[in-house]
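**Q** Model the structure of this input:
(one chain, ligands or ions: 1)
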Amino acid sequence: MSSGDPLLQARALVLLDLAAQGLADPHTVSRVEECVTERRWWLSQWPQGWEYVDGLVAQDVQDRLFDEARRWPVCTGCPDPTEHSMTIQPELGPDPRWVCSQTGYVIAHLGALPKVRASGT
Ligand SMILES: [Zn+2]
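**A** Numbering: from 1, shown residues only. Okay, here's the model as predicted:
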């Protein structure tokens, strides 16, 4: 896992989870590219941070989409009809997981979100 470019792995995991929620369109992919570029600079300043970039890129992309009023990822673990999101835990650590923001339950590892049917198609 530690071989190769950690940011390429982070990018791949985030794209998998965007695709699982039907959001891997050219617009969001370019947002991911921006976040990866910023984290590449960050990593050049703090090489020990390579273990954390998966979760950090995911949070960066989440923030960026939230600013555009796009909620990602929407929780898939609750029967609750009220749409709510998941957050990355730990925020700064290895092995990041998506956790329901309401119950605190672990839903999936980053890159392993279950596929949901795209709405509005
Ligand atoms: Zn939930």
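**Q** Helices along this protein, start to end?
**A** 6-20, 26-45, 53-67 (DSSP state H).
**Q** Mind putting these into JSON lines with mean pLDDT and mean neighbour count?
**A** Yep, even glycine has a C-beta here, placed from its N, CA and C like the rest. Listed next are the helices of the chain as JSON lines, based on pLDDT from 0 to 100; neighbours: other Cβ atoms under 10 Å:
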{"stretch": "helix 6-20", "mean pLDDT": "97", "mean neighbour count": "19"}
{"stretch": "helix 26-45", "mean pLDDT": "97", "mean neighbour count": "15"}
{"stretch": "helix 53-67", "mean pLDDT": "97", "mean neighbour count": "20"}
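**Q** a markdown table for the ones you listed, including distance to Y105?
**A** What follows is the helices of the chain, written out as a markdown table (distance: least, Cβ to Cβ, whole Å):
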| stretch | distance to Y105 |
| --- | --- |
| helix 6-20 | 17 |
| helix 26-45 | 26 |
| helix 53-67 | 17 |
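**Q** Of all those helices, which one comes closest to P73?
**A** helix 6-20 (6.0 Å; Cβ to Cβ).
**Q** Which residue lies nearest the spatial centre of this protein?
**A** A58 (3.0 Å; Cα atoms, centre = their mean).
**Q** With that, I have no additional questions.
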